[in-house]
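Peer 1: curious how this folds, go ahead:
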Amino acid sequence: MDKTVIFTDSQLFKQFFFSGDLYLIKALIVLMFIDIITGILKAFVNGNLWSRKSLFGYARKLLVFCIIILSNIIDQIIHMDGALVTATIFFYIANEGFSIFENSVQLGLPVPAEIKEKLAVISENKTSITTEIKEEFSTTKNEILGDYAEVKIKVEGSDKK
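Peer 2: The predicted structure is shown next:
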């Protein structure tokens with residue numbers, strides 16, 4: 001008797017990886033792929049295509065799936081019937097959508113002014129939340145190795161003799 005078991009139908013997958021609707025995961029994967037493509041195009045157009053920076057971005061995308069797995073496990077422990085993992089996936093779907101939108105604006109695609117203003121995507125001195133987060137977590141080697149803070153103290157006092 002020949003029996004084939006599909007991994008996504010197995011109990012192991014449902015218990016540890018994802019027990020909800022796989023269409024959400026598939027949508028997230030598609031959006032991540034589109035974000036990667038638009039990000040590479042944006043970097044190519046702007047002339048700042050760095051392999052280290054893109055590798056860091058790919059690692060973050062893999063970390064998203066680790067967070068989804070963790071939220072699934074927590075979801076099952078506290079018996080939320082998929083609410084936590086679904087909310088987590090919707091958050092990352094929205095995040096990928098914003099990132100795709102931001103990349104599209106920076107590539108010069110026409111976007112309604114109201115949407116551009118609401119999301120504060122690149123207009124004069126404004127930067128988007130996504131850009132600020134990326135800049136916050138993009139550190140140089142010296143910043144990582146250094147655990148120092150520069151403190152300047154000015155002491156003023158009276159000259160008592």
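Peer 1: tell me what the longest helix belonging to the chain is packed against?
Peer 2: Assignment by DSSP state H gives helix 51-77 as the longest helix of the chain. Contact here means 3 or more C-beta pairs under 8 Å, 6 or more residues apart in numbering; DSSP states H and E; on that basis helix 51-77 packs against helix 22-46, helix 83-106. Glycine gets a C-beta too; all of them are placed from N, C-alpha and C.
Peer 1: what's the following helix or strand after the shortest one?
Peer 2: What it means is helix 83-106. Of the helices and strands lying after helix 83-106 in sequence (DSSP states H and E), the nearest is helix 113-118.
Peer 1: report the buried residues of that following helix.
Peer 2: K116 (16 or more other C-beta atoms under 10 Å).
Peer 1: go on, stretch 82-102?
Peer 2: Across stretch 82-102, burial judged by 16+ other C-beta under 10 Å covers 84-86, 88-89, 92-93, 95-96, 98-102.
Peer 1: pull the CA atoms of that stretch into CSV?
Peer 2: Written as CSV, here are the backbone C-alpha positions of stretch 82-102 (Å, rounded to 0.1, in the frame of the first residue of the first chain):
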residue,chain,number,x,y,z
GLY,A,82,-5.2,31.0,15.5
ALA,A,83,-6.0,34.6,16.4
LEU,A,84,-2.4,35.5,17.4
VAL,A,85,-0.7,33.8,14.4
THR,A,86,-3.3,35.3,12.0
ALA,A,87,-2.7,38.8,13.4
THR,A,88,1.0,38.4,13.2
ILE,A,89,0.8,37.3,9.5
PHE,A,90,-1.6,40.3,8.7
PHE,A,91,0.9,42.6,10.4
TYR,A,92,3.8,41.3,8.2
ILE,A,93,1.5,41.4,5.1
ALA,A,94,0.8,45.1,5.8
ASN,A,95,4.5,45.8,6.4
GLU,A,96,5.5,44.2,3.1
GLY,A,97,2.7,46.2,1.3
PHE,A,98,4.0,49.4,2.8
SER,A,99,7.6,48.5,1.8
ILE,A,100,6.5,47.7,-1.8
PHE,A,101,4.6,51.0,-1.9
GLU,A,102,7.6,52.9,-0.6
